[in-house]
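K.L.:
Sharing a model that was predicted from the sequence below.
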Amino acid sequence: MIPSLTVRRIAADQGAVFRELRTASLREAPYAFGATLEDALSADAASFDATAAERAVSFSVSTFILYTEGHPAGLIEAHFDDTAARRAFVCELWVAPAVRHLRGGELLVDTASSWLANEGATEIYAWVADANRNAMRFYEALGFGPTGEHRRVTRAPEQAESLLVRHVPTTSQVYQQ
Ligand SMILES: CC(C)(COP(=O)(O)OP(=O)(O)OC[C@H]1O[C@@H](n2cnc3c(N)ncnc32)[C@H](O)[C@@H]1OP(=O)(O)O)[C@@H](O)C(=O)NCCC(=O)NCCS
């Protein structure tokens, strides 16, 4: 049976769920993120509680959680940067291996993009490590293309990452809480 997948914005009391998903993602796919598992494990529970509380209500940063049959199984962050251009980003994307290739990643990106569009974004950006070929193909399949912008990966300066962008379609579905 194909499991049903749903995505909801993080709730203020989901610090523990957020911590569980972040540590699971950093443990399973350390190559995919700027932060390290040690960073997440050394942060205290209260900091995850504070992050969840902020991301549940903020207009500039949020986290969305993927559920399969009611169980947390993935996440994504959406935020605006604090430059004058106020660019909109998705990051920290992870789907648990057991439920990959079921369109959970697409649902997370689309939900986060709709929320950003609702807050005024017309373009959605994502940094992807050049070595992470799966994520690169995933984002390309979703209509993201190269911006030509590159930088070194903070965690591993010998590696590069590229900035991808997808334009928000004018018919984009408005995010509903
Ligand atoms: C990248 C990731 C989020 C994709 O999640 P997912 O739920 O499996 O992706 P979806 O099922 O929504 O895939 C949508 C489309 O993306 C493409 N795609 C997804 N995974 C792919 C892979 N491993 N290789 C090539 N294309 C892929 C396919 O075109 C797919 O459509 P299809 O299944 O009809 O072929 C998941 O593999 C993951 O968590 N990886 C580890 C963490 C990571 O790399 N995060 C990204 C950081 S930038």
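P.N.:
Looks like it came in fine.
K.L.:
For the rest of this, base every contact and every neighbour count on C-alpha atoms.
P.N.:
OK.
K.L.:
Give me the phi and psi for Phe89.
P.N.:
Backbone geometry at Phe89, expressed as degrees, to the nearest 10, gives phi -120, psi 150.
K.L.:
the helices in this protein, which residues?
P.N.:
Remark: helices assigned in the chain by DSSP state H are 15-28, 37-42, 45-57, 104-118, 133-141.
K.L.:
what packs against the longest one?
P.N.:
Using 3 or more Cα pairs under 8 Å, 6 or more residues apart in numbering; DSSP states H and E as the contact definition, the elements that helix 104-118 packs against are strand 5-9, strand 61-68, strand 71-80, strand 88-95.
K.L.:
Also the first one?
P.N.:
Contact here means 3+ Cα pairs under 8 Å, 6+ apart; on that basis helix 15-28 packs against helix 37-42, helix 45-57, strand 71-80.
K.L.:
Low-confidence regions, the protein specifically.
P.N.:
By pLDDT under 70, the low-scoring segments of the chain are 1, 171-177.
K.L.:
center of it - which residue?
P.N.:
In the chain, the centroid-proximal residue (Cα atoms, centre = their mean) is Ile76; its distance is 2.5 Å.
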